[in-house]
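Asker: Here is my input, please return the structure:
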Amino acid sequence: MTTPTTAPVAGPLPPAPDAKIAMGWMHTARFLTTAAQLHHLPAIHVPEIAFVGRSNAGKSTCINTLTQQKQLAFASKRPGRTQHINLFALGKHGVTDAVLADLPGYGYAKVSHSDKVRWQQVMVNYLVSRPGLTGIVLLCDPRLGLTELDEALLEVLRPRVEAGLKFLILLTKADKLTRAEQAKVLSITRLQAGGGEVKLFSALKKQGVDEVAQLLWQWSHPVQPVMQEAPDATAPSVASGSSTENGIQNSP
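Answerer: Next comes the predicted model:
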């Protein structure tokens, strides 16, 4: 396994933008590239946010809903058969200020064992070593809760999350639950999140769509620290009298 790297250094999150601004920004998403292996991915110098989850967790539907595009993320009729990492660029007027990464789904029973092992390794290597990775969105069907594979993924992510990687568990298909069931699974998952955020999401009812778009915008536009100008070491100190300080003689 590749040695974990430190998450990109970023400033604190800015205030959440208006939902229309965030959704308009998400709508700029366009296909960038696809790769079957990590070394085929281009170097990215802007924040990169990855979407991961089991093959039937609704990952493609979630991305298409957030970007308001019906076929941006490809949803295979046979879950688990999409075996490429797909990148989508975000930003207006030809400027890319963030990238979304759609990782292959995992855990589907009809995929061969060799394919499972190979893609699990590719995904793990991506999550622990991708230099520009800024945030992870883990999608989970709340009716199933976090599975053993999801929990194993959380363990893989733990070092990078502790180093500052942003992390969100998105409970998809929330419309399938009653309000009481939603509240219960939200509470349970927050205890399992290991420092990440948890939100309910429904593509059908548009539940949580605005909030997730706003959060991803914040992840991609961190407040940059203000660099203070160093004092000029050659400038004379201002002091009264003819005292000497730090080896500099002050004029009377």
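
Asker: Flag the shaky bits of the stretch 101-250 of the chain, pLDDT-wise.
Answerer: The model of the stretch 101-250 of the chain has pLDDT under 70 over residues 108-111, 225-250.

Asker: let's go with 90 and repeat that
Answerer: Counting by pLDDT under 90, the stretch 101-250 of the chain contains low-confidence residues at 104-125, 149, 152-153, 156, 194-196, 222-250.

Asker: show me where it has helices.
Answerer: Counting by DSSP state H, counting those that start in this stretch, residue ranges of the helices within the stretch 101-250 of the chain are 113-129, 148-162, 179-192, 209-220.

Asker: helices or strands up against the first one?
Answerer: With contacts defined as 3 or more CB pairs under 8 Å, 6 or more residues apart in numbering; DSSP states H and E, the secondary structure elements packing on helix 113-129 are strand 48-53, strand 133-140, helix 148-162. Placement of C-beta: from N, CA and C, glycine included.

Asker: Same question for stretch 119-133: list its buried residues.
Answerer: Within stretch 119-133, the residues that qualify as buried are 119-120, 122-124, 126-128, 130, 132-133, counting by 16 or more other CB atoms under 10 Å.

Asker: so how far is that stretch from its chain's centroid?
Answerer: Taking CA atoms, centre = their mean, to the nearest Å, one finds stretch 119-133 lying 13 Å from the centre of the chain it belongs to.

Asker: With stretch 84-102 instead?
Answerer: 12 Å.

Asker: okay, how far is it across it, tip to tip?
Answerer: Looking at stretch 84-102, the gap from its leading to its trailing residue is 8 Å under the measure CA to CA, to the nearest Å.

Asker: Give the buried residues for it.
Answerer: Going by neighbour count (16+ other CB under 10 Å), the buried part of stretch 84-102 is 84-91, 96, 98-102.

Asker: picking up where we left off before, so which of the helices and strands packed on helix 113-129 is the most surrounded?
Answerer: Counting by mean count of other CB atoms under 10 Å, strand 133-140 has the highest mean neighbour count of the helices and strands packed on helix 113-129, with a mean of 24.

Asker: Can you list the strands that it pairs with?
Answerer: With DSSP bridges as the test, strand 133-140 is paired with strand 48-53 (parallel), strand 166-171 (parallel).

Asker: so which of the ones you listed gets nearest A22?
Answerer: Comparing the strands paired with strand 133-140 by their distance to A22 (CB to CB), the top pick is strand 48-53, with 13.3 Å.

Asker: before we move on, back to that, may I ask which two of the buried residues of stretch 84-102 are separated the most?
Answerer: H84 and G91 (22.4 Å).

Asker: Go ahead and confirm F51 touches V99.
Answerer: No: counting by CB atoms under 8 Å, F51 sits too far from V99 to count as a contact (11.4 Å).

Asker: What distance do you get for L204 to A174?
Answerer: Here the distance between L204 and A174 works out to 9 Å (CB to CB, to the nearest Å).

Asker: Same check on L87?
Answerer: Counting by CB to CB, the gap from L87 to A174 is 27 Å.

Asker: again, but for L165
Answerer: With distances defined as CB to CB, the gap from L165 to A174 amounts to 25 Å.

Asker: Can you classify the residue nearest to D115 when sequence neighbours are not counted by secondary structure?
Answerer: Distances taken as CB to CB, 6 or more residues apart in numbering put Q83 closest to D115, at 6.9 Å, once the chain neighbours are dropped. Per DSSP: H, G, I helix; E, B strand; the rest coil, the local secondary structure of Q83 is coil.

Asker: got it, and the one 4 residues further on?
Answerer: Secondary structure for L87, judged by three-state DSSP, is strand.

Asker: quick one: contacts for it?
Answerer: For L87, the residues meeting the contact criterion (CB atoms under 8 Å, 6 or more residues apart in numbering) are 31-35, 41-42, 44, 48, 99-102.

Asker: So in terms of bridging, what pairs with it?
Answerer: Using DSSP bridges, the beta-bridge partners of L87 come out as T33, A101.

Asker: List phi and psi for N64.
Answerer: Note on N64: backbone dihedrals following degrees, to the nearest 10 are phi -60, psi -40.
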